[in-house]
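> Give me coordinates for this.
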Amino acid sequence: MMFRRKNAIGARVARTALAMSCLAALLAGAGTPVLAQMGTAVVPTRTIYPGEEIGGGSVEEVEITNPNLSGEYARKSREVVGMVAKRTLLPGRTIPPSALREAFAVTRGSSVRLVFTIGSLTISASGSPLENAAIGDVIRVRNIDSGVTVSGTVMADGTVQVMAK
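Modelled structure (predicted):
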């Protein structure tokens with residue numbers, strides 16, 4: 001219990017110090033208080049559910065007014081637009097980066113083109129991904145013709161570059 005009380009006292013002192021600095025800034029004639037200089041945060045305008053891609057109309061940038069706001073959170077809309085929610089995001093709450101992921105470039109069970117290149121030799125075949133993956137992820141893919149499972153890297157054009165064993 002002793003440790004928690006010390007933290008509570010330290011937090012109280014920090015809040016008091018921030019309030020005093022805001023008051024000093026206002027009394028000194030500074031046009032804007034320190035709180036207005038804290039920056040922005042991105043918050044949803046509606047509930048965003050897991051697996052849903054975040055569009056520009058579903059988030060907004062707001063000024064931060066809470067001096068006790070801590071932790072990592074998205075500060076600009078461009079950081080979250082086009083990403084996919086991993087968990088439910090509530091309106092008016094900040095969006096932590098851990099709650100977002102890149103959109104999948106290939107999905108499990110779909111058809112992809114497998115490409116293997118060594119020197120000037122290029123071999124391609126049809127495959128079926130065994131897992132969902134974003135660009136740059138290494139995944140396992142089953143060759144539809146032979147049934148052999150290979151590993152490869154997902155490329156930007158949706159193909160999978162097969163790795164040599």
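> helices or strands next to the lengthiest strand in the chain in the packing?
Selection of the longest strand in the chain by residue count, based on DSSP state E, yields strand 121-129. With contacts defined as 3 or more CB pairs under 8 Å, 6 or more residues apart in numbering; DSSP states H and E, the packing partners of strand 121-129 are strand 112-118, strand 138-143. Backbone N, C-alpha and C define where each C-beta goes, glycine included.
> Identify the residues contacting the last one?
In this structure, residues lying in contact with strand 138-143 by CB atoms under 8 Å, 6 or more residues apart in numbering are 106, 112, 114, 125-131, 133, 148-154, 160, 162-163.
> Which residue comes closest to the residue nearest the centre of the chain once chain neighbours are left out?
Against the mean C-alpha coordinate of the chain, by CA atoms, centre = their mean, the closest residue is L100 at 3.3 Å. Of all residues not flanking L100 in the chain, M83 sits nearest, at 4.2 Å (CB to CB, 6 or more residues apart in numbering).
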